[in-house]
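**Student:** after the sequence you'll find the predicted model.
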Protein chains: 2
Amino acid sequence: MRTILEAAERVFAANPAATMEQVAQAAGVARTTVHRRFATREALLEELTGWAARQFAEAVASAHADSTPPLVALYQVTANVLRVKTDWWFAMSRTGDRAHPEAARVHAEVRDDCERLLRRAREAGVLRPDADLGWTRRVYYALIHEAAAEGVTEGGDAEALATRVVDALLRGFGSPTAPVIA
Amino acid sequence: MRTILEAAERVFAANPAATMEQVAQAAGVARTTVHRRFATREALLEELTGWAARQFAEAVASAHADSTPPLVALYQVTANVLRVKTDWWFAMSRTGDRAHPEAARVHAEVRDDCERLLRRAREAGVLRPDADLGWTRRVYYALIHEAAAEGVTEGGDAEALATRVVDALLRGFGSPTAPVIA
DNA sequence: ATTACTCGCTACAGCCATGTTGCAAGTAGC
DNA sequence: GCTACTTGCAACATGGCTGTAGCGAGTAAT
């Protein structure tokens, strides 16, 4: 069960169009055994996304973003999410999928949590007063995605990656003395 | 020919696993006609990635990044690439693919160009002296990707998107007076 | 009108993944 | 030993996509 889901994650991460046969082989079981647990391919994908969504929700919740200073919360959430996302790369990439309403709900909720956290950060002076929170959130997501990609291929630890993500998000890479474009 | 490639781009952008039938339908031709131009599905994909790669190379080259100040070059390259990437979203996402060596070569060259530009920017004081160029480049790519996604769904103009990308890359979203994490 | 060309349509063969079933072997518990 | 359960294996049916071939209609040029 867990074995099959983890194998599916590995296989689909390498090739989203992989077959049930490949998943079974990676799990070390027969293809029919996979079908015994998951009636259809769709069902397997759904289980996978649901499983990842629960891990995701847990990772976000355990950061207690509401009861810590924004900067600390930002760092904790980032590190926790990176841990999950490097292990469940493929499953976590299936966010917008119409399948599995629970996963969609989780992602929507996290999205709200994230925007709320960013708003708190802006009010606390951590973010610039003129920061566009929608764009800020999308950039934040993109940075996490990129850092997770590095974590998958090179296996860095979540804390170091989180530090770089938050640093890139807040400071950028420009010299403080450089001219500004807009 | 062009019609079919453009249709393929649209269809595959919506669903990478789309069939030749769907492509043909989107192009307004019969499936056999698609096969007359592109012997196999693989051949169609290759043409598509090759076509996008040429557009990409042209977009980068026409920015004359070597002969303008780093900050200007960064902005020009960003805007040009965004124009191509919003139109050829799917085809441009097939970078690491082993198929079509020309596309792989183009992407490798652009990557080098980009790192060279970032190095110039750092030496010119546009980037912080301690900026990790590899990480900077990956973040830059991620920002372009994100901005292009917005361009695809909401159709903003390339200049405005480029401004936001460069601004996010250089300044980030943090308040200049806020404490730093690392 | 003839020729050359392109396209749509139909039909077909082949392949591969999916999903199902039945049977045999192995294991754990009683 | 007996039972219940799980698994592997082989076989099969099904469906969908791919790629090919042939025929007929339409069009443009000479």
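**Tutor:** In hand now; what should we look at?
**Student:** spatially central residue in chain A, please.
**Tutor:** Chain A has A:Lys85 as the residue nearest its centroid, 4.4 Å off, counting by Cα atoms, centre = their mean.
**Student:** does it really touch A:Ala148, like I thought?
**Tutor:** Yes - judged on Cβ atoms under 8 Å, A:Lys85 makes contact with A:Ala148 at a distance of 4.1 Å. Yep, even glycine has a C-beta here, placed from its N, CA and C like the rest.
**Student:** domain-wise, how is chain A divided?
**Tutor:** Structural domains annotated on chain A: A:1-39, A:49-171, as defined by automatic domain parsing.
**Student:** deepest of those, which one?
**Tutor:** Each of these was assessed for mean neighbour count using mean count of other Cβ atoms under 10 Å in any protein chain shown. The highest is domain A:49-171, with a mean of 18.
**Student:** quickly note the distance from the residue nearest to the centre of chain A to A:Glu46.
**Tutor:** Distance of A:Lys85 to A:Glu46, given as Cβ to Cβ, to the nearest Å: 19 Å.
**Student:** do A:Val106 as well
**Tutor:** 13 Å.
**Student:** cool, A:Val60 as well?
**Tutor:** Relative to A:Glu46, and taking Cβ to Cβ, A:Val60 is found at 21 Å.
**Student:** neighbours of A:Arg41, how many?
**Tutor:** Other residues within reach of A:Arg41, judged by other Cβ atoms under 10 Å in any protein chain shown, total 14.
**Student:** let me fix that: A:Leu45
**Tutor:** Residues near A:Leu45, counting by other Cβ under 10 Å, number 20.
**Student:** other residues contacting the helix or strand harbouring it?
**Tutor:** Assessed by DSSP states H and E, A:Leu45 sits inside helix A:41-61. The contact list for helix A:41-61 (Cβ atoms under 8 Å, 6 or more residues apart in numbering or on different chains) reads A:4-5, A:8-9, A:12, A:20, A:23, A:34, A:38, A:77, A:80-81, A:83-85, A:87-88, A:90-92, A:94, A:97, A:99-100, A:102-103, A:106-107, A:109-110, A:113.
**Student:** so it, near DNA strand D or not?
**Tutor:** No - Helix A:41-61 lies apart from DNA strand D when judged by Cβ under 7 Å from any atom of the strand; the minimum separation is 12.7 Å.
**Student:** residues from chain A in reach of DNA strand D?
**Tutor:** By Cβ under 7 Å from any atom of the strand, the part of chain A that sits against DNA strand D consists of A:28-30, A:32-33, A:36.
**Student:** and these as CSV, adding distance to B:Thr163 and secondary structure?
**Tutor:** Shown next, in CSV, are these (distance: Cβ to Cβ, whole Å; DSSP: H, G, I helix; E, B strand; the rest coil):
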residue, distance to B:Thr163, secondary structure
A:Gly28, 52, coil
A:Val29, 53, coil
A:Ala30, 56, coil
A:Thr32, 56, helix
A:Thr33, 55, helix
A:Arg36, 55, helix
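**Student:** who's in contact with A:Asn86?
**Tutor:** Careful, residue A:86 is Thr and not Asn. A:148, A:151-152, A:155, A:158.
**Student:** repeat the analysis, applying 6 Å as the threshold.
**Tutor:** A:148, A:151-152 (Cβ atoms under 6 Å, 6 or more residues apart in numbering or on different chains).
**Student:** show me where chain A has its helices.
**Tutor:** A:2-14, A:20-27, A:31-37, A:41-61, A:70-87, A:89-93, A:101-123, A:133-154, A:158-171 (DSSP state H).
**Student:** residues in chain A within reach of DNA strand C, list them.
**Tutor:** A:19-21, A:31-32, A:35, A:39-42.
**Student:** and those, which two are the farthest apart?
**Tutor:** A:Thr32 and A:Glu42 (17.5 Å; Cβ to Cβ).
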